[in-house]
Every structure is written in C-alpha cells, then in structure tokens.
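Asker: what's the 3D shape of this:
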Amino acid sequence: MTTPTDATTQATGPVPVVLVDDHHMFRTGVRASLDARVQVVGEAADVDQAVAVVHEHRPPVVLLDVHLPGGNGGGAEVVRRCADLLGETKFLALSVSDAAEDVVAVIRAGARGYVTKNISASDLSGAVVRVAGGDAVFSPRLAGFVLDAFGTAAGDVAVADDELDRLSKREQEVMRLIARGYSYREVASELFISIKTVETHVSAVLRKLQLSSRYELTRWAAARRLL
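Answerer: All right, here's what the predicted structure looks like:
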C-alpha cells in the first residue's frame, strides 16, 4: 500500500526515461537539457535497439522519435512491439515531423502524446512528468489530429451541447486548451489568469464531466469535435 510519504517521493523523484532517436548528437542534447524532474536511464538508435532497451528498463516513459531505422514502422513499430508493457510504460513521441500521418500512426499504435522538437527543454521535462502521471500531451497545433486517431461517434456529438452546459464559459475555454495539449502555464498566459486558477478550473471540469485525467479529457473533447 502506498503511504503519503511514498506518494510524495514518487511525485518529487525524477521520472526514469528511455530516449530513442537515431541521431547521437540529438540524444546528447536532450539528455543535457532535461531538468531534475527526469532521469534518462537508457538510449537506443533504431527499432530493434529500442524494443530491447525498453524491455530491459521498463521505464515509466519512453521519448520516441517517429522515424527510426531498423524496421518498417519506425516509432509506431516500437510501440506495437512493446504492447506487453503499455500498462506500465507510456510512449511520448518527440519528432521534427508535424505531419498528420505520423501523429495518427503513433497514437493509434498506443502512444500517449506527441510533441515536436521545437519544444523548450522545460516544457519537454514537464510533458514527461505529465505523461508519467497519466495525461495525454500534444503540441497545441497537433491536437486536432487526435480526432483522426480516436474517431468520432455520432451519439457523442449529439450530446456534446448538453454536456457542455454543465461547464461555465471560462471552464469551457480552459477545457479546450487543456484538451489541445496546453500546459497549465500556457493556459494561464493565454487567458490572463493565474496557474492556480487554471488548476481550479481543470478540477471542476473533470468533476463535472466525470473524467479522471487530462488523457480522458482529450479523448472526450476529440470525440465531440471540440478541439
């Protein structure tokens, strides 16, 4: 059983990560840029290496390039070949590509997020922590592609307006930005409110919609074409 002290240690300790990219210099740069919230415990440069290293370390998070040598499916193939670990290991795609087909392929394979390589070091570290905690994380301009990955149910669209009525106007604004992958800090800047206020609104949104995480919120919003 997890005690409060255990929970605090888990929350404040660095998140072990495996870094997968075929460019050594890029991996070196990422490793040097990540802050104390993240600890790189393994690296790989191609599909086969990645599958072996991920199975060896079984990390909470894998930072994964989508274009990798050594297989036909790139990063998506790595995720599929590690399907037996998806309950304990989460994959966050980190790529220079912002093409819809790349985003959709890796999300359908089972990745929990996708960010582009122009992300800041601090935001990347934060994205790793959020994914480790169960959230879905997407670069804001890529969030719309999630809709293609998850599909849309006609019944979900039909009830969207009724469900949205549960939320205040401000809660709806916060909900859309969070579902698109914005960090709390980015939402606060966009809406000219404090981070604490963002946290309060997110808690209210999740409670009113009976959802348990940002990941579920992204799926909920995508299915209702609210992104």
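Asker: for the chain, just list every one of the strands.
Answerer: Assigned by DSSP state E, the chain shows strands spanning 15-20, 38-44, 61-64, 90-95, 113-116, 137-138.
Asker: arrange those in TSV, one row each, with mean neighbour count, distance to residue 131 and mean pLDDT as further columns.
Answerer: From N, CA and C alone the C-beta is placed, and that goes for glycine too. Listed next are those as TSV, based on neighbours: other CB atoms under 10 Å; distance: least, CB to CB, whole Å; pLDDT from 0 to 100:
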stretch	mean neighbour count	distance to residue 131	mean pLDDT
strand 15-20	24	9	96
strand 38-44	19	11	96
strand 61-64	27	5	96
strand 90-95	26	5	93
strand 113-116	24	5	89
strand 137-138	26	6	86
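Asker: mind putting those strands in CSV, distance to residue 208 included?
Answerer: As requested, the strands of the chain are arranged in CSV below (distance: least, CB to CB, whole Å):
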stretch, distance to residue 208
strand 15-20, 30
strand 38-44, 32
strand 61-64, 29
strand 90-95, 26
strand 113-116, 24
strand 137-138, 22
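Asker: wait, which of these is closest to residue 75?
Answerer: Checking these against residue 75 by CB to CB gives strand 61-64 as the closest, at 4.6 Å.
Asker: hmm, who's touching the closest one?
Answerer: The contact list for strand 61-64 (CB atoms under 8 Å, 6 or more residues apart in numbering) reads 15-21, 30, 50, 54, 75, 78-79, 82, 89-94, 106, 111, 124, 128, 131-132.
Asker: partners of that strand, with directions?
Answerer: strand 15-20 (parallel), strand 90-95 (parallel) (DSSP bridges).
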